[in-house]
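> Please work out how this folds:
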Amino acid sequence: MDQNDDTRPTISTKEELLRRLREQRAPLSAAKLEPARGLAIDARRQVDEENRKRIATLRDRLGKAGTEVEAQQVFARLGGFAKSNFSQSR
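A predicted model of the protein is given here:
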């Protein structure tokens, strides 16, 4: 997939999150009063808003996935502990 390709993958990855954070533009310090700049500013604002929404979605999904993996790891450890105690008690 091309770096500038705006199609969203079906899988949320940390790489995509980091890339979007790295490419995020700094806010404009002052408005420039030039004719015909209104459309460009509106387009940039829309792209920036979509990027912020995607970053928020990625953070949420990756956070939930991390929590789920940690929970599965804890339950796997507990399952192994229970099996070893059961076999030792016999």
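
> hey, let's count contacts and neighbours off CA atoms from now on
OK.

> With residue 67 as the reference, measure out to the residue nearest the centre of the chain.
With distances taken as CA atoms, centre = their mean, the residue of the chain nearest its centroid is residue 58 (2.1 Å). Separation of residue 58 from residue 67 (CA to CA, to the nearest Å): 14 Å.

> ok, now residue 50?
From residue 50 to residue 67 the distance is 26 Å (CA to CA).

> likewise residue 81?
Residue 81 sits 21 Å away from residue 67, going by CA to CA.

> next one: residue 48
Residue 48 is 28 Å from residue 67, by CA to CA.

> thinking again about what came up before, mind telling me what element the residue nearest to the centre of the chain is part of?
In the assignment (DSSP states H and E), residue 58 maps to helix 38-89.

> Does anything pack onto that helix? Which helices or strands?
With contacts defined as 3 or more CA pairs under 8 Å, 6 or more residues apart in numbering; DSSP states H and E, helix 38-89 has these neighbours: helix 14-23.

> tell me which residues in the helix it packs on are buried?
16, 17, 20 (16 or more other CA atoms under 10 Å).

> Residue 77: which of these is nearest?
Residue 77 lies nearest to residue 17 out of those, by CA to CA, at 30.4 Å.

> Cross-check the contact I'm expecting between that closest one and residue 57.
No. Contact criterion CA atoms under 8 Å: residue 17 and residue 57 do not qualify, at 9.4 Å.
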